[in-house]
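Asks: Below are the sequence and a predicted model for it; my questions follow.
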2 protein chains.
Amino acid sequence: MDTRTGLPVVGMVGGGQLARMTHQAAIALGQSLRVLAESPDDSASLVAADVHIGTHTDLAALREFAKGCDAVTFDHEHVPTAHIAALAAEGVKIYPGANAILYAQDKRQMRERLSALGAPVPRWRPVTTAAEIADFAAGLAGADSPAGWPVVAKAVRGGYDGRGVWMLDDLAAAEALVATGTELIVEERVPLRRELAVLVARSPFGQVAAYPVVETVQRDGICVEVLAPAPDLPEALAVGAQQLAIDLANALGVVGLLAVELFDTGTGVLVNELAMRPHNSGHWTIEGARTSQFEQHLRAVLDYPMGETSLAAPAVVMANVLGGEPGGMSIDERLHHLFAADPGARVHLYGKQVRPGRKIGHVTVLGDDMAQVRVRAVRAARWLQEGRQ
Amino acid sequence: MDTRTGLPVVGMVGGGQLARMTHQAAIALGQSLRVLAESPDDSASLVAADVHIGTHTDLAALREFAKGCDAVTFDHEHVPTAHIAALAAEGVKIYPGANAILYAQDKRQMRERLSALGAPVPRWRPVTTAAEIADFAAGLAGADSPAGWPVVAKAVRGGYDGRGVWMLDDLAAAEALVATGTELIVEERVPLRRELAVLVARSPFGQVAAYPVVETVQRDGICVEVLAPAPDLPEALAVGAQQLAIDLANALGVVGLLAVELFDTGTGVLVNELAMRPHNSGHWTIEGARTSQFEQHLRAVLDYPMGETSLAAPAVVMANVLGGEPGGMSIDERLHHLFAADPGARVHLYGKQVRPGRKIGHVTVLGDDMAQVRVRAVRAARWLQEGRQ
């Protein structure tokens, strides 16, 4: 409790853009987010009033940081579960808990748990040798793919934005990957129509609120666009996907946001990944939903009743701005041109140094027609990214 | 320019809720607002990363504050024009300039200038004696008001939220007020149907963007509700009011926001007051317009192209939350109840200590039906204010 305001203090471990945007949401709720950042130059450090410098793997730093916080949460999933459990045992309200975030940290445990829960997942198995991968591929062989190859290998821990995921075409590729010593699972390459995502928030009380299902467009394993709502999604499939996410949030005991990334196979969905924090697939909610995912996450970890999740416009598109090649037009100059070209584009910049491929911001466009809105969002992001349309 | 981000630094003099909400907008633009606050406990000080403590009447403090700012602006209108002019002469981009903000500081100069420009204003005159006030009242006498009284007296400088405005019923009241030594103007009491407001933003380049005309509902001289768009406003009157505000912004050379408060007499409008900063009548724009007034103000003072001003929903109502009597349910408990009662209400709390009558936050509701939206907004504000519906 902040004695100056009579309102709660939420601590967020990690100082990236998710903490930065959560701070914006905290301000409206009369709060000021407390941030544990690695550096005073981190995205959130640049804008928050209450920044502690420290590392998320340092239990003493976490313990000190948690003092005076009404709830502690995360802008990433890298805090060791042992630390989370230790703090919870000491009475810190820390969400999501160790028994939940585990499934966002460890893909093998996630796959095992989802399989046990009967949730739809791709065929998969843990592997330690190239022979096991080949054996798995052989088991997949069928009419679609006589050899079973290619298969998808994933690092059990630490992957993000396309890192830690490999498409293996043959035994030689499997042998090379296994030789790196990375702990792996393998999965079938799902013949997918597109990718979807569902975002839900769950409070300690157990209330769960689900956002509309969105389509996520990936390029090189990185999310580049999010379309809300997912176009041409049959109602039954949309409701089923939301119910799946709600069931998972309950079954895993998630508190805070849960993003469920899905493969749309055309006949149903399969769970690809889980994330337990504000998620790139939910950035559109800042303007595009009545309650942003960042406010919703704060409400969830503070056990406030959840906010309305309905769309603020018939069509909403979020496009990520990735760092382009250095040089050329400055980011400020690009912003001038974009604002002149599209006065309705909503820009979010994260205060990050531009590096090729790095997410440095996003743009959201709202409107009535998905095709038009998408063109505008993609064009706006390209302007910021490349300094040209 | 912030060398860490390559994006501009805006300094705002004053650490109230307007600076607090401008900081939220600055974050999206990749910036961090620099705030000159009186105290580390000011509304904006609680949430901003870059807070300087100092007083707006101290030229040396202003000069130090302005160093490294790409533009300097204000969350109030109390900075002496001589200081603004001095800084501008030293090369600081400080907006609005001394020659513009003068008309938001000094009601006599404002009335003189508006009269000279031919803008519609109530009948008025400067006065120094009670006899002059009585003489003015006698001059107003007509069919509607045989005696001319009551008349409205206004302090030339320093009034806000109903302070510095007096309704004078007779000579005795005039004598008592004049005896206080306050510099005064008097105006006719306009038989008004309602109050309206128009918000425009103007850039140094000269681009002006106008928001839809809103209705402002006052109680005891304090704005309690804002309805956007103003219900049942004839199109010609709406366009005329916007054009008036645009003309005034141009004529006065305003850079940044200009709020024009209007009396709707049923047959036309009269200008009541001018403000040159983010304004209470524009808080609805945070969710209710494509571009919030806070972002628009930043875009204006940085000479970015203006953002789209269109409504995000057919009906938007903002209701102020005033401090209630101390004691009773805590603000945090009230928030729980409100969120349970209306998951779609958008809450903004300013981090201020509750004092009776003090603006401590506002609530915005969006929807299709103005009457329903208004009921929800008023009820939500009352919950936060009184802990009951």
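Replies: Perfect, I can see it now. Quantities reported herein were computed from a predicted structural model and do not represent experimental measurements.
Asks: What residue spans form the domains of chain A?
Replies: A:10-94, A:123-188, A:194-386 (automatic domain parsing).
Asks: wait, does the first one contact chain B?
Replies: If I follow you right, that is domain A:10-94. Yes. With CB under 8 Å from any CB of the partner chain as the criterion, chain B is reached by domain A:10-94 at A:20-21, A:23-24, A:26-32, A:41, A:45-49, A:51. In this view, the C-beta of every residue, glycine as well, is placed from N, C-alpha and C.
Asks: Narrow those residues to those that are buried.
Replies: Buried residues within the residues of domain A:10-94 next to chain B, defined by neighbour count using 16 or more other CB atoms under 10 Å in any protein chain shown: A:20-21, A:23-24, A:26-32, A:45-49, A:51.
Asks: Checking A:E273 next. Helix, strand or coil?
Replies: In three-state terms, and counting by DSSP: H, G, I helix; E, B strand; the rest coil, A:E273 is strand.
Asks: and the buried ones among the residues of domain A:10-94 next to chain B, which of them are in strands?
Replies: The members of these that map onto strands under DSSP state E are A:V51.
Asks: Quick check: residues of the stretch 251-389 of chain A near chain B?
Replies: Residues of the stretch 251-389 of chain A that fall close to chain B, judged by CB under 8 Å from any CB: A:287, A:290-291, A:299, A:304-308, A:310, A:312-313, A:330-332, A:335-336, A:339-340, A:343-344, A:346-354, A:361, A:366.
Asks: Restricted to strands, list the residues you listed.
Replies: A:346-349, A:361, A:366.
Asks: quick one, helices of the stretch 151-300 of chain A?
Replies: Residue ranges of the helices in the stretch 151-300 of chain A, as given by DSSP state H, counting those that start in this stretch, are A:171-178, A:235-252, A:285-288, A:293-301.
Asks: How about A:Q293, nearest residue that isn't a chain neighbour?
Replies: Closest residue to A:Q293 in three dimensions, ignoring its sequence neighbours and counting by CB to CB, 6 or more residues apart in numbering or on different chains: A:G282, at 3.7 Å.
Asks: wait, doesn't the one you found sit right on A:L258?
Replies: No. Applying CB atoms under 8 Å, one finds A:G282 not in contact with A:L258, separated by 10.6 Å.
Asks: between these two, what contacts are shared?
Replies: Overlap between the contact sets of A:G282 and A:L258, as judged by CB atoms under 8 Å, 6 or more residues apart in numbering or on different chains, is given by A:L199.
Asks: what stretches of chain A score poorly on pLDDT?
Replies: Scanning chain A with the threshold set as pLDDT under 70 gives A:143-144, A:325-327, A:388-389.
Asks: one more time with 90, if that's ok
Replies: Counting by pLDDT under 90, chain A contains low-confidence ranges at A:141-148, A:158-163, A:219-222, A:267, A:323-330, A:353-358, A:385-389.
Asks: could you show me where the strands are in the stretch 51-200 of chain A, in order?
Replies: If DSSP state E, counting those that start in this stretch is used as the criterion, the strands of the stretch 51-200 of chain A fall at A:71-74, A:124-127, A:151-155, A:165-168, A:184-188, A:194-202.
Asks: What strands line up against the longest one, and which way round?
Replies: Paired neighbours of strand A:194-202 in the sheet (DSSP bridges): strand A:208-210 (antiparallel), strand A:214-219 (antiparallel), strand A:256-264 (antiparallel).
Asks: does A:R374 really touch A:V316, like I thought?
Replies: No. Counting by CB under 8 Å, A:R374 stays clear of A:V316, with 9.9 Å between them.
Asks: higher neighbour count, the two?
Replies: Counted by other CB atoms under 10 Å in any protein chain shown, A:R374 and A:V316 do not tie: A:V316 has more neighbours, with 28 against 20.
Asks: Would you double-check that the more buried one falls in a strand?
Replies: Yes. When classified by three-state DSSP, A:V316 is found to be part of a strand.
Asks: Setting aside sequence neighbours, what's the nearest residue to A:F65?
Replies: Nearest non-adjacent residue to A:F65 (CB to CB, 6+ apart): A:L36, at 4.7 Å.
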